[in-house]
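here is a sequence together with a model predicted from it:
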Amino acid sequence: MKKRFLTAGIISLACAMMSGVTYSPLVQVVPGPGLPEQVKCMRSNNNLDIIRFEGKIFLAFRTAPNHFAGTKTRLYIVSSTDQKKWDYEAEVFLGSDMREPRFLALGGKLMFYFFQAGKNPLSFAPQHIFAMERKGPGDWTKPIPVFDKSCVLWRSKVINGTPYITAYCGEGEYTGGNANIGIHLLTTQDGYKFEPVDPKRPVVARGGSETDFEIDAQGDLYGAIRNETGDGKTWNSKVCKASAGDLANWQCVDTTWKPDSLLVFKRNDDIYVIGRRNLDGAYDKGARRLADPVEGLYYLARYWWTKKRTALYKLDKENLALEPILDFPSRGDTSFPGLIQLDPDHYLMFNYSSPPEGKDRVWMSGQLHKTFIYSTVISFE
């Protein structure tokens, strides 16, 4: 097993070097000896975000008995100046599932978001987005609901001085179709009230779920949308563009790649995506032998029982296509990246995975076993 992992790692690293991208050895952070005693990690440590704020790195993550919804889930926020010793910041417990922790720095204010889900492990059931604000070291406001019900905040970032938020809202996620899911492109001034970037076009796409984007030097927007259970036409994910001055007018095309839990970032004027990669090939097999709801569930079930990696893709802006560049050491249940740019050529990435040197589990098996959070530095030449 170790020999096979070493061989795969050498191949991935060779491909990375050919593309001018490398990564440093993984460092396990969660669970880890540098965490404060207040943090009680369980078997599944996954959904996370990181941000640099006032000279410290902040990490938020979910810990639970397994990947699925339940009543024991906790969110922790910790901070560090050296990534070796972490200070306790906050703990969130609501007696139900919580996911998608997200930071947003608004000037001198640090905001934290997450959404509350349900208790049924077989149901996604987003209830509400919550916001917290840091008042000082270890001092955070209590969670308060923001925006609309049944919504999930996926990414929050500041680009060229403007805060942006992507969220998806509606019923149907993982229950037979995403055609009624609306993708929202939002902004905020105070961190609590979200408004459409373009009030005339509050929903930039229909179908899909997790959505992220970047804006290049010309002011054009490029992004990607995860589309897992269908938008009424296809089960392919999307690569999208919106022209400068009309950022809410998204034009999207299908991609056979499926970069789940995606993060989009820019280096120089190139656009990259980090997300899950399915070793079984295209998600949408193009069979069309069954009724749409049944075929969608078939694809989802098949996906649970295939192997995964966390991958780096380059976004082809001219053709709106994704090109895989490398796989990071990862397997089983994996992919929920957080990223901080250290300098023009180096990025600090935190991500979760089943043990990369362990059994190459299918995704479902990984979700039922232990997962850990690791850090690495991505280097571009």
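Received, thanks.

any idea which residue of this protein is furthest from its center?
Within the chain, the residue lying farthest from the chain centre (C-alpha atoms, centre = their mean) is Arg289, at 32.0 Å.

which residues touch that one?
Glu295 (C-beta atoms under 8 Å, 6 or more residues apart in numbering). For glycine as for every other residue, the C-beta is placed from the backbone atoms N, C-alpha and C.

and the helix or strand Ile274 falls within, what other elements does it pack with?
Using DSSP states H and E, Ile274 maps to strand 270-278. Applying 3 or more C-beta pairs under 8 Å, 6 or more residues apart in numbering; DSSP states H and E, one finds that strand 270-278 makes contact with strand 221-225, strand 263-267, strand 308-316, strand 321-328.

got the angle between the second one and strand 221-225?
I take that to be strand 263-267. Put simply, strand 263-267 runs at 150 degrees to strand 221-225, going by axes from the mean of the first three to the mean of the last three C-alpha atoms, to 10 degrees.

for the longest one, same thing?
Using the same axes, to 10 degrees, one finds that strand 308-316 and strand 221-225 are set 150 degrees apart in direction.

pull the residues that contact strand 308-316.
Contacts for strand 308-316 (C-beta under 8 Å, 6+ apart): 16, 19, 21, 222, 224, 239, 257, 259, 264, 270-279, 321-328, 330-335, 337, 351, 353, 363, 366, 378.

picking up where we left off before, the strand holding Ile274: which residues count as buried?
Across strand 270-278, burial judged by 16 or more other C-beta atoms under 10 Å covers Ile271, Tyr272, Val273, Ile274, Gly275, Arg276, Arg277, Asn278.

ditto for stretch 79-96
Ser79, Ser80, Gln83, Trp86, Asp87, Tyr88, Glu89, Ala90, Val92, Leu94, Ser96.

roughly how far does the first one sit from Lys370?
Here the criterion is C-beta to C-beta, to the nearest Å. By it, Ser79 lies 25 Å from Lys370.

repeat that for the fifth one.
Distance, Asp87 to Lys370, using C-beta to C-beta: 25 Å.

also the second one?
Computed as C-beta to C-beta, the Ser80 to Lys370 distance reads 23 Å.

what about stretch 351-369, start to end distance?
By C-alpha to C-alpha, to the nearest Å, the extent of stretch 351-369 from end to end equals 16 Å.

now that stretch: mean pLDDT?
For stretch 351-369, mean pLDDT is 95.

circling back: which helix or strand lies directly C-terminal to the strand holding Ile274?
Following strand 270-278 in sequence order, the next helix or strand is helix 292-304 (DSSP H and E).

identify all contacting residues around that following helix.
With contact meaning C-beta under 8 Å, 6+ apart, helix 292-304 is reached by 174, 176-177, 228-230, 232, 235, 278, 280, 283-285, 287-290, 362-364.

report the angle between that helix and strand 270-278.
When the same axes, to 10 degrees is applied, the directions of helix 292-304 and strand 270-278 differ by 90 degrees.

buried ones in helix 292-304?
Asp292, Glu295, Gly296, Leu297, Tyr299, Leu300, Tyr303.

want to throw the residues you listed into TSV with distance to Leu122 and pLDDT?
Putting these into TSV (distance: C-beta to C-beta, whole Å; pLDDT from 0 to 100) gives the following:
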residue	distance to Leu122	pLDDT
Asp292	21	79
Glu295	20	82
Gly296	16	82
Leu297	13	83
Tyr299	17	88
Leu300	12	87
Tyr303	16	93
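
any idea which residue sits dead centre in this protein?
Geometric middle of the chain (C-alpha atoms, centre = their mean) lands on Ser261, at 3.5 Å.

how far away is it from Lys200?
Remark: distance between Ser261 and Lys200 (C-beta to C-beta) = 31 Å.

again, but for Arg302
40 Å.

hmm, back to that, I'd like the average pLDDT over the strand holding Ile274.
Looking at strand 270-278 alone, the average pLDDT works out to 98.

now it against strand 321-328, angle please.
Angle of strand 270-278 versus strand 321-328, following the same axes, to 10 degrees, is 70 degrees.

just the buried subset of the contacts of helix 292-304, please.
Going by neighbour count (16+ other C-beta under 10 Å), those have Tyr174, Gly177, Glu228, Thr229, Gly230, Trp235, Asn278, Asp280, Tyr283, Asp284, Val362, Trp363 buried.

poorly predicted segments of this structure, please.
1-18, 171-179 (pLDDT under 70).

hmm, back to that, sheet partners, orientation included, of the strand holding Ile274?
Applying DSSP bridges, strand 270-278 is found paired with strand 263-267 (antiparallel), strand 308-316 (antiparallel).

what does that strand contact?
Here strand 270-278 makes contact (C-beta under 8 Å, 6+ apart) with 212, 214, 216, 222, 224, 226, 257-266, 303, 306-315, 317, 322, 324-325, 327, 334-335, 337, 339, 349, 351.

for stretch 25-34, same thing?
35, 41, 45, 59, 61, 63, 80, 83-86, 329, 350, 356, 372-376.
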